[in-house]
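Engineer: Requesting a structural model of the entry that follows:
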Amino acid sequence: MGSKVENYIKTPAEIAAMRKGGKILSAALAQLKAMIKPGLDVWELEDAFTSFCQANQVIPACKGYNPFGSFPFPTGLCVSINSQSVHCFPKRGTVLKDGDIVTVDTVIITR
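Structural biologist: Numbers count the residues shown, from 1 in each chain. Have a look, this model is predicted:
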């Protein structure tokens, strides 16, 4: 069973939608990057991202994601600190310290 290459070729409208979403996501990540400093409660990143999504009329796709009926992912962001595995979620009360390495990942759905 082979798949046809033409199924992977995007239409101009699909490319325009991807470009729009990429610009929105890039702006969101830039905003979050500017916030990351020692003393920040990582939940503030989630709040800022949620507000950003609302203001830009996009949906945080991670929130509620539950493939195969698994536990729904509780947040819009994946935030991992230092040696945490990728795709952890931000927890209230987790405060960044000087020298922490922070990884932020997310996905949006444009409307």
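Engineer: Tell me where the protein has helices.
Structural biologist: Ranges of helices in the chain, per DSSP state H, are 12-35, 43-55.
Engineer: Where does pLDDT dip in this protein?
Structural biologist: The chain contains residues with pLDDT under 70 at 1-6.
Engineer: if you compare the helices of the chain, which one is most tucked away?
Structural biologist: Stretch with highest mean neighbour count among the helices of the chain: helix 43-55 (a mean of 17; mean count of other Cβ atoms under 10 Å). From N, CA and C alone the C-beta is placed, and that goes for glycine too.
Engineer: Now do that one and helix 12-35, the angle between them.
Structural biologist: On the basis of axes from the mean of the first three to the mean of the last three Cα atoms, to 10 degrees, helix 43-55 is oriented at 150 degrees to helix 12-35.
Engineer: that older thread, let's have the helices of the chain in JSON lines, adding distance to residue 71.
Structural biologist: Converted to JSON lines, the helices of the chain look like this (distance: least, Cβ to Cβ, whole Å):
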{"stretch": "helix 12-35", "distance to residue 71": "24"}
{"stretch": "helix 43-55", "distance to residue 71": "17"}
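Engineer: Out of those, which gets nearest to residue 94?
Structural biologist: helix 43-55 (7.4 Å; Cβ to Cβ).
Engineer: tell me which strands and helices the closest one is in contact with?
Structural biologist: Other helices and strands packing on helix 43-55, by 3 or more Cβ pairs under 8 Å, 6 or more residues apart in numbering; DSSP states H and E, are helix 12-35, strand 58-60.
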